[in-house]
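Engineer: From the sequence below, what's the structure:
(one chain, ligands or ions: 1)
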Amino acid sequence: MQQASNSKNPSVAVIGAGMTGILMAIKLREAGIEDVTILEKADQLGGTWRENTYPGVACDVPAHMYTYSFRGNPEWSHRFARGSEIQAYFQQVADEQGISGKIRFNEAVETCHYVDGKWQLTTSQGNFLEVDFVVSATGILHHPAYPDIKGLDTFQGKMWHTARWNHDVDLAGKRVGIIGTGSTACQVIGEIARTSGELTVFQRTPQWIIRVPDKEYSERDKASLRGKQEKLAALSRRYAFVLRNTFSKAVTGSKLQHAYMSWSAKRNLRKSVRDPELRARLTPDYPVGCKRLIINSTFYDAIQRENVSLETTAIERICEQGVVTSDGVTHELDVLILATGFHPFNFMRPMDLRGRNGLSIDEAWSKKVQAYRSVCLPGFPNFFLMLGPNTPIGNYSVIAMSEVQAAYILKLIDQWRAGKLPVVEATEAAKRRFNDYLREGMKNTVWVGGCQSWYLDDDGDPAMWPYSWQQWEKELQQPDPDDFVREEPAEQEPLRPAA
Ligand code: NA7
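Structural biologist: As a prediction, this is how the structure comes out:
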């Protein structure tokens, strides 16, 4: 097999121009790697923030923490930044850093195969590319999940998923239904309750909600931060400190912090919802934080409006007129909104990704979606994942997490450039050890508290990081050479999971 030459300047393909793809491109350039191609399936950058344009879309992590550490933003309008301004922020950073011009838009990667020590990619534009390294920066929550409800396609009104919002339909005076009460639904409901005619919320499972005041920043607030990157960084660190010591600890084993979070969520419900019967229907029966905690200050007010009703009877089917619940009632609707979440385990798929000896990603993940330190996949040399399996730490900034991953990836590429690693490929044993370590940590988390959530895989195991932020940073501080292959294996049968 031909070895990739350890040139000083490897070629890299970054797949996706969302938050992590832009970050990776910037960091690669800072490391002196210029031969970088960014391939983006859509006609704009921004990922999540390009795709989600629903009314009320905002980030539930404080804005001053939801920024790149090297580029604070004094212009955020609110404590919780709105989707469109986050999208504008990423566009601005990419422009400032000279990244925008390097992105090849409307070019989805269709195949990505490891052949003779190189990655060969073909794209939807019919182009072919051969590179040393591939970074998959395709995000987690980008495949909308459509509910498996009988008759869904028979509905005669307008229907769409929240991640594909139909801005042509004016909801004023309309009978609107929304399925779901997750983070997205709560934001949407808080907004459209004011504009819809009648709004029916179909809730399958109630959620715990914490109210954090959404402060609007004044011109004076913004002016005090302009040109002051150190002040912005200090603000970000302060928010990070608070989140690590509250939300993150509460979900990963601190009884004290969990008791505080539980008290806070229960108090919010008690204080916000006056009618005891409605309150009872909005009360979850699982521990606070088991599903992703919802940070929201509009939902409870919205659900108590006269034009809004909460339907907790199970949905039986969808018909031409609307939603039929199991009590036989037909809820007639003009518009049906699906706030039913995403498929979080698809990652870069449906791309046809094949590693050593033709091993496909579907084969590698047929038993379980796992990675080594969330970044590397045995059998896929010189291939990296941003925000891969077990990245999220509950309610924390994914930007902070991806900056740690980007630095780790660069250290691995450095080792390859210095000839210390023939290829960057984690061993199967290292992956197994890492995932055993994760499994051990999961026992202390609240995610295994008996609820259903998008955090859980088919076996009911959370695809989350079960330890502290500090531990996360430590794990990815320095690559452990013993966890990587030291010699390129000879041609062999693909490393397929045992039956
Ligand atoms: P989530 O958190 O996965 O929420 C999806 C919601 O849709 C949730 O309330 C589900 O109820 C409901 N759902 C899904 N399928 C059905 C069917 N078939 N019938 C009734 N109800 C259904 O997605 P979001 O978009 O709100 O948030 C995803 C993340 O984005 C969020 O955590 C933030 O990180 C940003 P269930 O609770 O499963 O009973």
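Engineer: How far off centre is stretch 29-37?
Structural biologist: Centroid separation between stretch 29-37 and its chain, computed with C-alpha atoms, centre = their mean, to the nearest Å, is 25 Å.
Engineer: what comes up buried for stretch 186-199?
Structural biologist: Buried residues in stretch 186-199, defined by neighbour count with 16 or more other C-beta atoms under 10 Å: 186-193, 196, 198-199. (C-beta placed from N, C-alpha, C; glycine too.)
Engineer: which ones are touching the residue of the stretch 51-200 of the chain found nearest the ligand?
Structural biologist: Relative to the ligand, the nearest point of the stretch 51-200 of the chain is Gly182 (2.3 Å; C-beta to the nearest ligand atom). Contacts for Gly182 were tallied using C-beta atoms under 8 Å, 6 or more residues apart in numbering; they are 207, 291-292, 294, 339, 341.
Engineer: how about TSV for these, with distance to Met401 and pLDDT added?
Structural biologist: As requested, the contacts of Gly182 are exported to TSV (distance: C-beta to C-beta, whole Å; pLDDT from 0 to 100):
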residue	distance to Met401	pLDDT
Gln207	23	98
Lys291	20	96
Arg292	15	94
Ile294	20	97
Ala339	25	98
Gly341	20	98
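Engineer: Can you tell me which of those is closest to the ligand?
Structural biologist: For the contacts of Gly182, the nearest to the ligand is Gly341 (2.6 Å; C-beta to the nearest ligand atom).
Engineer: got the contact list for the closest one?
Structural biologist: So Gly341 contacts 141, 144-145, 180, 182, 184, 454 (C-beta under 8 Å, 6+ apart).
Engineer: quick one: the residue nearest to it when sequence neighbours are not counted and Pro489, what's the gap?
Structural biologist: Once flanking residues are discounted, Gly341 sits nearest to Ala145: 4.9 Å by C-beta to C-beta, 6 or more residues apart in numbering. Computed as C-beta to C-beta, to the nearest Å, the Ala145 to Pro489 distance reads 38 Å.
Engineer: Same question for Trp160.
Structural biologist: 48 Å.
Engineer: which SSE is Ile38 in?
Structural biologist: strand 36-39 (DSSP states H and E).
Engineer: next one: Ser402
Structural biologist: Using DSSP H and E, Ser402 falls in helix 398-417.
Engineer: does the ligand sit close to that helix?
Structural biologist: No: for helix 398-417, no contact with the ligand is found by C-beta under 6 Å from any ligand atom; the gap never falls below 8.6 Å.
Engineer: and that helix, which residues are buried?
Structural biologist: Neighbour counts over helix 398-417 (16+ other C-beta under 10 Å) mark 398-406, 408-410, 412-413, 416-417 as buried.
Engineer: How about stretch 294-314?
Structural biologist: So, applying 16+ other C-beta under 10 Å, buried residues of stretch 294-314: 294-303, 308, 310-312.
Engineer: Repeat that for stretch 232-252.
Structural biologist: 232-233, 235-236, 239-240, 243-244, 246-252.
Engineer: So which of those residues reach the ligand?
Structural biologist: Near the ligand, by the rule C-beta under 6 Å from any ligand atom, you find none of the buried residues of stretch 232-252.
Engineer: between the residues you listed, which is closest to Arg432?
Structural biologist: Distance ranking of these against Arg432, using C-beta to C-beta, places Thr252 first at 22.3 Å.
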